[in-house]
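>>> I would like the atomic coordinates for the input below:
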Amino acid sequence: MPEHYRPITASLRSRLLLLTSFFVMVVSTFVYLPSIATFRLEYLEKRLENAQIAALALEERGGNSVSPQLEERLLDQSGVIAVIIRNEDRSLFLGFNVMPEEVDASFDLRTTSLGMLIFDAYDVLDTGGSRVIRVVGAPMSSSTRWMEITLDETELYNDLRNYSNNVLVLAIIVSLFTGILVYLALHWMLVRPIRRVKDSIVSFRRNPEVPNKVGMGRKRSDEIGLVQRELTRMQEEVRQSLKQKSNLAALGEAVAKINHDLRNVLATAQLASDALQRVDHPRVQKVSRRLMTAVSRAIALCEATIRHGKAEDPLPEKTEVELRDLIFDVATSLGLLDEGEFTFDCSIDEHFTIFVDAEQFHRVLLNLCRNAGEAQGPNGSIEITAEKDPSGTSHIRVKDKGPGIPEAVRPNLFKAFSSARAGGTGLGLATARDIVLAHGGQIGLESTGPDGTTFIICIPPADEGSGK
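Numbering: from 1, shown residues only. Predicted coordinates:
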């Protein structure tokens, strides 16, 4: 892994751990405040309960006083300084002689709220247990109208401080363990796959032509799995595009090397066809005209290839072309009309015209018909139909009765070097697609199956296609 990528990953992991611990501490703080309020409330309620039990000694004696020794023991066991209980018919006192004249604070536990309890608990810790307080609470007996105790906050402060320290230590321990567990879970579920995505991107940037050895996201159905699969798919598509461009570059280099020699060969063939034209024989005349047309197209194609490789794509020089004549010219070039067992049907009106470059569109039909003928063999059949919709767009269909196109090939059918036939270059349909698109039209696979394949070409009318 590159050195300059390590701090990023390390920072992400350390931040994740710190943030998790911080959030747990924040939650623990919100738990801590109500907990100390509850602890103080339970402490005071316990003192009220003990004081009421101690007051039962006064009722048992039938009077309002006990011996000083017993009174001291009762108050000491209750944890209070003094107790005042008022019943319907009398009042009971414990610690009357030691009760301070003034108290520092008074609290009524019968009417309170969580906010007040939290504030009072914090006040205990803030004052350090130096106060004497008076607490009024709800009596246990229905005959008691008033219940009041006086106590020193020192013991409450000490207990509450110990409790606070325990809660703080527990919160730290819980936050650390929770942070570690959450960190490990997130590291396993998020950081590791993100790091794999990062490594994949870095590796792809360094050498985009080398495929990934391990596929990402195959077993994950969440968003990260989707990102990993889409990244892998995108890299594979870019890799295929680079491979195609490399093939095209190699092909262009090869074409550039042989193009000059090929033109010389075709020039010789053109001279020979000129000589054949002067032979006064019907069959020789027919064959020589076909040969002359083919050689002229080949020479024009070589010159266009040179122009295409040096500067820019040749723009179509569009005119109104009679489609029927163009189709029969293609059939004649391929020799489809000379094969007795091969059926070639062109049910198109002889005045049906399309606005195209005749030479370029000849190549489109030539590629489609050649593929259809080679896919079927000598007993095949090709049917070409054409019609115009109300907008004037021409829809041309080339249908055969071949075995159909395999499903695995269909997505890349019009891409270069993706031939559906053994021995094919995969350039025919790609070339046809480029030409049709240059005319402002569309070409596509309309249907395919065991009963045959149909390609459809849509060519716009003159006003659309010419850009008027």
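
>>> look up the closest residue to the most centrally placed residue in the chain, ignoring the ones flanking it.
Centroid check for the chain by Cα atoms, centre = their mean gives residue 227 as the closest residue, at 4.3 Å. Excluding its sequence neighbours, the residue lying closest to residue 227 (Cβ to Cβ, 6 or more residues apart in numbering) is residue 197, at 6.7 Å. C-beta: built from backbone N, CA, C; applies to glycine.

>>> with residue 84 instead?
Per Cβ to Cβ, 6+ apart, closest to residue 84 is residue 148, 4.4 Å.

>>> may I have the helix or strand in which the one you found is found exported as PDB, CA atoms only?
Using DSSP states H and E, residue 148 maps to strand 144-152. C-alpha atoms of strand 144-152 as PDB (Å, rounded to 0.1, in the frame of the first residue of the first chain):
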ATOM      1  CA  THR A 144     -50.500  10.700  59.800                       C
ATOM      2  CA  ARG A 145     -51.000  14.200  58.400                       C
ATOM      3  CA  TRP A 146     -47.400  15.400  58.500                       C
ATOM      4  CA  MET A 147     -44.000  13.800  58.300                       C
ATOM      5  CA  GLU A 148     -40.800  15.800  58.700                       C
ATOM      6  CA  ILE A 149     -37.200  14.900  59.400                       C
ATOM      7  CA  THR A 150     -34.100  16.900  60.000                       C
ATOM      8  CA  LEU A 151     -30.700  15.500  59.000                       C
ATOM      9  CA  ASP A 152     -27.100  16.300  58.300                       C
END
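
>>> ok, that strand: who's next to it in the sheet?
The pairing partners recorded for strand 144-152 under DSSP bridges are strand 82-87 (antiparallel), strand 132-136 (antiparallel).

>>> most packed of the ones you listed?
strand 82-87 (a mean of 20; mean count of other Cβ atoms under 10 Å).

>>> now that one: how far from the chain's centre is it?
With Cα atoms, centre = their mean, to the nearest Å as the basis, strand 82-87 stands 72 Å off its chain's centre.

>>> by contact count, what packs against the helix or strand following it?
Where DSSP H and E defines the elements, the next helix or strand beyond strand 82-87 is strand 91-94. Here strand 91-94 touches helix 6-61, helix 68-78, strand 82-87, going by 3 or more Cβ pairs under 8 Å, 6 or more residues apart in numbering; DSSP states H and E.

>>> quick one: mean pLDDT for the second one?
For helix 68-78, the mean per-residue pLDDT is 81.

>>> low-confidence stretches in this structure?
For the chain, the stretches flagged by pLDDT under 70 are 1-13, 58-66, 96, 212-221, 251-281, 283-314, 339-340, 416-426, 464-468.

>>> dump the strands paired with strand 144-152 to TSV, plus distance to residue 116.
Compiled in TSV, the strands paired with strand 144-152 are given as follows (distance: least, Cβ to Cβ, whole Å):
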stretch	distance to residue 116
strand 82-87	23
strand 132-136	13
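
>>> and the residue nearest to the centre of the chain, which of the three is it?
helix (DSSP: H, G, I helix; E, B strand; the rest coil).

>>> need the contact list for residue 45.
Residues in contact with residue 45, defined by Cβ atoms under 8 Å, 6 or more residues apart in numbering, are 109, 137.

>>> what about the helices in the stretch 351-468 of the chain?
For the stretch 351-468 of the chain, the helices defined by DSSP state H, counting those that start in this stretch occupy 358-376, 428-438, 462-465.

>>> of all those helices, which lies closest to residue 47?
The minimum distance between residue 47 and the helices of the stretch 351-468 of the chain falls on helix 428-438, with 91.9 Å, by Cβ to Cβ.

>>> what angle separates that closest one from helix 358-376?
150 degrees (axes from the mean of the first three to the mean of the last three Cα atoms, to 10 degrees).

>>> the residue nearest to the centre of the chain and residue 200: what is the separation?
11 Å (Cβ to Cβ, to the nearest Å).

>>> on that earlier part again, and of the helices of the stretch 351-468 of the chain, who's closest to residue 81?
Of all the helices of the stretch 351-468 of the chain, it is helix 428-438 that lies closest to residue 81, at 99.5 Å by Cβ to Cβ.

>>> what is the burial count for residue 160?
20 (other Cβ atoms under 10 Å).

>>> i'd like the first residue to be 12 from this point on
Okay, residue one is now 12; in that scheme the one you just asked about reads as residue 171.

>>> contacts only, for it.
Residue 171 sits next to 47, 50-51, 54, 132, 135-136 when contact means Cβ under 8 Å, 6+ apart.

>>> do the same with residue 366
329-332, 470-473, 476-477.

>>> between these, which sits nearest residue 96?
The closest of the contacts of residue 366 to residue 96 turns out to be residue 471 (Cβ to Cβ; 104.0 Å).

>>> tell me how far the one helix or strand residue 176 maps to is from the chain's mean position?
Taking DSSP H and E as the definition, one finds residue 176 inside helix 165-197. Computed by Cα atoms, centre = their mean, the chain-centroid distance of helix 165-197 equals 39 Å.

>>> C-terminal to it, what's the next element?
Next along the chain after helix 165-197, taking DSSP H and E as the criterion, comes helix 203-217.

>>> so that following helix versus helix 17-72, what angle?
170 degrees.

>>> what angle separates helix 203-217 from helix 165-197?
For helix 203-217 against helix 165-197, the angle by the same axes, to 10 degrees is 40 degrees.

>>> in helix 203-217, what's buried?
For helix 203-217, the neighbour count (16 or more other Cβ atoms under 10 Å) marks 204-208, 211, 215 as buried.

>>> which secondary structure elements does that helix contact?
Helices and strands touching helix 203-217, by 3+ Cβ pairs under 8 Å, 6+ apart, are helix 17-72, helix 234-288.

>>> hang on, the earlier thing: want to throw the helices of the stretch 362-479 of the chain into a markdown table with distance to residue 419?
Below are those laid out as a markdown table (distance: least, Cβ to Cβ, whole Å):
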| stretch | distance to residue 419 |
| --- | --- |
| helix 369-387 | 16 |
| helix 439-449 | 16 |
| helix 473-476 | 34 |
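
>>> quick one: closest of those to residue 96.
Nearest of the helices of the stretch 362-479 of the chain (Cβ to Cβ): helix 439-449, 100.8 Å.

>>> any residues touching that closest one, and which ones?
Taking Cβ under 8 Å, 6+ apart as the rule, helix 439-449 contacts 324, 326-327, 371-372, 374-375, 378-379, 381-382, 424-427, 430, 453-454, 468, 470.

>>> ok, stretch 451-468 next?
Counting by Cβ under 8 Å, 6+ apart, stretch 451-468 makes contact with 375, 379, 383, 386, 405-416, 421, 424-425, 443-444, 447-448, 469-471, 475-476, 478, all of which sit outside it.

>>> could you pull out the buried residues of it?
Going by 16+ other Cβ under 10 Å, stretch 451-468 has these buried residues: 451-452, 454, 459, 463-468.
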